[in-house]
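> coordinates for the following, if possible.
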Amino acid sequence: QVRLVESGGGLVQAGGSLRLSCAASGRIFAINNFNWYRQAPGKQREVVATSTSGGSTNYADSVRGRFIISRDNAKNTLDLQMNSLKPEDTAKYYCHANIKDTSWRNPENYWGQGTQVTVSS
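Residues are numbered from 1 along each chain as shown. Next up, the predicted model:
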């Protein structure tokens, strides 16, 4: 069974930085897309940053230039460095991964439980 566990959330003042981490464990053959999403109270979950197994990354317009996504394929980990944080970045951040547990089975989507990020003004 695959499991994603996030860490690194917390309370920070506007302009500050936080680093989120996500560790994938269990039966993993390969991780395809490995992404960060967030959901603020009363809003839909939205994509923050994405990464492919080939090394491509993409960012939501609202975080481009402030956030950096990085992954370690050997360790099955994903990080999100968040700089110049704004109050509107306040949300629960979720790790998402598209994972193949064997070479012959189709990949499946997995989500972590989320980690809270709160940015005070």
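> right, and residue 76 touches residue 22 too?
No: judged on CB atoms under 8 Å, residue 76 makes no contact with residue 22 at a distance of 9.1 Å. (Each C-beta comes from the backbone N, C-alpha and C, glycine too.)
> the more surrounded of the two?
Comparing residue 76 with residue 22 by other CB atoms under 10 Å, the one with more neighbours is residue 22, at 25 against 20.
> give me the element the most centrally placed residue in the chain is part of.
In the chain, the centroid-proximal residue (CA atoms, centre = their mean) is residue 36; its distance is 2.6 Å. Residue 36 is part of strand 30-39, with elements assigned from DSSP states H and E.
> residues in contact with that strand?
Residues outside strand 30-39 that contact it (CB atoms under 8 Å, 6 or more residues apart in numbering) are 20, 22, 24, 45-53, 69, 71, 73, 76, 78, 80, 89, 91-100, 103, 107, 114, 117.
> what is the burial count for the residue lying closest to residue 101 once chain neighbours are set aside?
Counting by CB to CB, 6 or more residues apart in numbering, residue 101 lies nearest to residue 27, which is 4.5 Å off, once chain neighbours are set aside. Neighbourhood size, residue 27 [other CB under 10 Å]: 10.
> all good on my end, thank you.
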